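Quick one: sequence and predicted model below, then my questions.
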Amino acid sequence: MTETASRFVRTWLEFSTALRMNEGFDEEKYRIVLESLEALAREWAELEQLPKATVSVLVDVFPTTESNAHLYDGALKERIAEAAYELHEHVQLCVATDESM
């Protein structure tokens, strides 16, 4: 696993674990996750094959985040749901092909 991929996995686990443990939405951790996904998208832009270990984490980003929204109420619940869709868009950039753009 590359350093970029390791950074994404590490920051994603920190962010999602905090949500699941009902510790709230950490904007700083969220920003770092987004930056990690952007770096991963750049690193993978020319690859024909993607590493399964990292992709197996990417496929869980949306459902995990979206399901954690149900642990919260009001504006925070809405913020987490919004973040799920934003994360999904970033994941799509990581796996996009020229044909899909």
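Now that the structure is in, tell me what you want to look at. Keep in mind it's a predicted model, so treat the numbers as computed, not measured.

what does the helix or strand harbouring A75 contact?
Element membership for A75, per DSSP states H and E: helix 74-95. Helix 74-95 is contacted by residues 19, 24-25, 30, 33-34, 37-38, 40-41, 44, 50, 55, 58, 61-62, 65-66, 68-70, 72 when judged by C-beta atoms under 8 Å, 6 or more residues apart in numbering. Any C-beta I mention is one placed from the backbone N, CA and C, and that applies to glycine too.

and that helix, which residues are buried?
79-81, 83-84, 86-87, 90-91, 94 (16 or more other C-beta atoms under 10 Å).

repeat for stretch 57-69
Of the residues in stretch 57-69, those buried (16+ other C-beta under 10 Å) are 57-58, 61-62, 64-66, 68-69.

and if you look at stretch 44-58?
So stretch 44-58, judged by 16+ other C-beta under 10 Å, has buried residues 44, 54, 57-58.

Stretch 29-48 too?
So for stretch 29-48, counting by 16+ other C-beta under 10 Å, buried means 29-30, 32-34, 36-37, 39-41, 44.

ok so, going back, out of the buried residues of stretch 44-58, flag the one nearest to T11.
V57 (10.9 Å; C-beta to C-beta).

any idea of the pLDDT on that closest one?
At V57 the predicted local confidence, pLDDT, stands at 97.

For it, which non-adjacent residue is spatially closest?
Leaving aside its chain neighbours, V57 sits nearest to V9 (5.4 Å; criterion: C-beta to C-beta, 6 or more residues apart in numbering).

residues near that neighbour, how many?
Residues contacting V9 under the criterion other C-beta atoms under 10 Å number 18.
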